[in-house]
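K.L.:
got a predicted model here, sequence first, then my questions.
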Number of protein chains: 2
Amino acid sequence: MWQLSTKGRYGTRIMYQLAMKYGNGPMLLKEIAANENLPLKYLEHIIPILKKHKLVISTRGPQGGYQLFKDPKDISIKMIIEALEGDIAPTSCVESPQVCEKNTTCKSRKIWAIVDEKIKETLKNITLHDMIEDNMENSLCKNIVL
Amino acid sequence: MWQLSTKGRYGTRIMYQLAMKYGNGPMLLKEIAANENLPLKYLEHIIPILKKHKLVISTRGPQGGYQLFKDPKDISIKMIIEALEGDIAPTSCVESPQVCEKNTTCKSRKIWAIVDEKIKETLKNITLHDMIEDNMENSLCKNIVL
DNA sequence: TTTAATTCCTACCATTTTGATAGGGAATAT
DNA sequence: ATATTCCCTATCAAAATGGTAGGAATTAAA
């Protein structure tokens, strides 16, 4: 099955928890793990990636924890998934044409490029704010291109 | 990176080769492997899956080989990918809600369900015939739902 | 009826990825 | 000081990935 890894899935849930607490100071990773019923020690591997990509910031010591780096309205699911899963694309040739010499004519590549575009368009148009407001479908109507 | 496996990618290329020879008798797997520059012995693992899903038929012995089970116009990329990768969905909870008790309210699941729908809509509307005719983009306009 | 061509089946395997657990170090608010 | 919290590195079992290998079964054609 063509499935996202736990990095992408758990990471999205981390970001959702942080988005719900946005503006109210740091949130403990322990708390996130408890709310989402996920292993704390494993989340400790995932959240540094989000930090590296400037999606969250951390505060150490007592009263510390994690917060979103910016407003939930300015963080798309695409940013989250690309941070955690790397460049998302059905095949590597879509993003890196040089991996295959047939890239200009390959009919398969053309399909994967179209799929890739659809996925990115979709993920780009859903923000953490949409997620909180449960406004995911509507948000997709913003940038329809015909 | 969130990528299709070689099953899905090589399998699509197998089907493309067969589509190009549709109506002209069986094609050797050896020939497909050569045309696509893929390891024959590995394709021997992939093609039985396509056969099981009634996408190709085989003829044994000399003058044998493989042919498409039906017209390229009646085979979508979705059929091919689902045969080879299993149910495609960003998360298993999209197809199998019972894997998570939060399924009715989960905001993450809602996102993956939307992405899933977009991917399937896209793959459903590209056929092997479109691929041969290099008509992939146009074929996507058929079933637009606003 | 032999032979050669071809698919079909099973076993095996090396490497990488996945999904963690564990232990302790560093920073800091109180 | 101390407790709290993030941070870093190591380790690991299990599964998935991407093959290779060898030969059995089927069958068209010589």
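P.N.:
Arrived safely, thanks for sending.

K.L.:
what does chain A have sitting close to chain B?
P.N.:
For chain A, the residues in contact with chain B (CB under 8 Å from any CB of the partner chain) are A:1-5, A:8-9, A:12-13, A:16, A:77, A:81, A:85-92, A:107-108, A:110-112, A:114-115, A:118-119, A:122-123, A:126, A:131-132, A:134, A:136-137, A:140, A:144, A:146. C-beta coordinates here come from the backbone N, C-alpha and C atoms, glycine included.

K.L.:
residues in contact with the residue nearest to the spatial centre of chain A?
P.N.:
By CA atoms, centre = their mean, the mean C-alpha position of chain A lies nearest to residue A:80, the distance being 1.9 Å. Taking CB atoms under 8 Å, 6 or more residues apart in numbering or on different chains as the criterion, residue A:80 is in contact with A:8, A:11-12, A:15, A:50, A:55.

K.L.:
near DNA strand C too, which of the residues of chain A next to chain B?
P.N.:
residue A:5 (CB under 7 Å from any atom of the strand).

K.L.:
please identify the residues of chain A in proximity to DNA strand D?
P.N.:
A:26, A:28-30, A:44-45, A:47-48, A:51, A:58-66.

K.L.:
among these, which ones are buried?
P.N.:
Burial of the residues of chain A next to DNA strand D was assessed by neighbour count (16 or more other CB atoms under 10 Å in any protein chain shown); the buried members are A:26, A:29, A:47, A:65-66.

K.L.:
return the subset of those residues lying in helices.
P.N.:
Cross-referencing these against helices under DSSP state H gives A:29, A:47.

K.L.:
pick the one among the buried ones among the residues of chain A next to DNA strand D closest to residue B:102.
P.N.:
Checking those against residue B:102 by CB to CB gives residue A:29 as the nearest, at 20.1 Å.

K.L.:
what's near enough to touch that closest one?
P.N.:
Contacts of residue A:29 (CB under 8 Å, 6+ apart): A:40, A:43-44, A:47, A:65-66.

K.L.:
out of the buried ones among the residues of chain A next to DNA strand D, the closest to residue B:70 would be?
P.N.:
Checking these one by one against residue B:70 (CB to CB), the nearest turns out to be residue A:47, at 49.3 Å.

K.L.:
ok, so what distance separates the closest one from DNA strand C?
P.N.:
12 Å (CB to the nearest atom of the strand, to the nearest Å).

K.L.:
dump the lowest-mean-pLDDT helix or strand in chain A to CSV, restricted to CA.
P.N.:
Lowest on mean pLDDT, DSSP states H and E among the helices and strands of chain A sits helix A:136-139, with a mean of 78. Taking Å, rounded to 0.1, in the frame of the first residue of the first chain, the C-alpha atoms of helix A:136-139 are listed here in CSV:
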residue,chain,number,x,y,z
MET,A,136,-10.8,21.6,4.8
GLU,A,137,-13.1,21.1,1.8
ASN,A,138,-14.0,24.8,1.4
SER,A,139,-10.3,25.8,1.5
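
K.L.:
so which elements touch the helix or strand where residue A:51 lies?
P.N.:
Residue A:51 is part of helix A:40-52 when elements are defined by DSSP states H and E. With contacts taken as 3 or more CB pairs under 8 Å, 6 or more residues apart in numbering or on different chains; DSSP states H and E, helix A:40-52 sits against helix A:6-20, helix A:29-36, strand A:56-59, helix A:77-85.

K.L.:
CSV for these, including mean pLDDT?
P.N.:
Below are these laid out as CSV (pLDDT from 0 to 100):
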stretch, mean pLDDT
helix A:6-20, 98
helix A:29-36, 98
strand A:56-59, 98
helix A:77-85, 98
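
K.L.:
and those as a markdown table, adding distance to residue B:22?
P.N.:
Below are the helices and strands packed on helix A:40-52 laid out as a markdown table (distance: least, CB to CB, whole Å):
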| stretch | distance to residue B:22 |
| --- | --- |
| helix A:6-20 | 38 |
| helix A:29-36 | 50 |
| strand A:56-59 | 52 |
| helix A:77-85 | 37 |
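
K.L.:
cheers, nothing more for now.
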